[in-house]
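Asker: here is the input, now give the coordinates:
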Amino acid sequence: MNILQSNPAVLFLAATALAAAALALGWWLNNRLGQSSLEVARRRTEDLLRTSRREADKARRAALLRAREESFEQRNKVERDLRAKKGQLVKRERELNLQRQQQQDIEAEFDGRREDLRKTEANLVDKEKQLDEARLGLDGLVQEQNTRLEQVPPPG
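Answerer: Coordinates of the predicted model:
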């Protein structure tokens, strides 16, 4: 140790060599530990990715199942509404058909009455003509009788 204490250059070289050795050992340990921690980080990352993918698949399947259930419920609701609307439509069609039939019956009765009225009017016109002819005939007879009466000499 004497040499180290007496010569500062040797002391400096020894300290430098020791620092270099410590630095090399630190660098080697850091690389070794760094690679190990890098491998651990990679494994953790891969594990996290696998876990995340499984969770994402599980969430996707659950969301898909919910969407299918909602779609099924919505479809059932729409079908129920459609059946109800169809029932109302069929009922309304029956009512309209009944009203049409009643209207046709009323129109047929009206047409029948109109035809009866037309026939009655035609009969009245015929009877008026007959009355006019009979009146003319009676007027002719009355005039003929008046003419005969005028030709009869007065009594006395």
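
Asker: just the element for Glu121, please.
Answerer: Glu121 is part of helix 8-151, with elements assigned from DSSP states H and E.

Asker: show me what that helix is packed up against.
Answerer: Here helix 8-151 is seen to pack against helix 2-6 when contacts are counted using 3 or more CB pairs under 8 Å, 6 or more residues apart in numbering; DSSP states H and E. Where C-beta positions appear, they are placed from N, C-alpha and C, glycine not excepted.

Asker: helix, strand, or coil at Pro154?
Answerer: Of the three states, Pro154 takes coil under DSSP: H, G, I helix; E, B strand; the rest coil.

Asker: look up how far Gln143 lies from it.
Answerer: Taking CB to CB, to the nearest Å as the measure, Pro154 falls 20 Å from Gln143.

Asker: so the two - more neighbours on which side?
Answerer: Neighbour tally, Pro154 and Gln143, criterion other CB atoms under 10 Å: the higher count belongs to Gln143, 10 against 4.

Asker: just the pLDDT at that one, thanks.
Answerer: With respect to pLDDT, Gln143 has a value of 90.

Asker: good, wrapping up.
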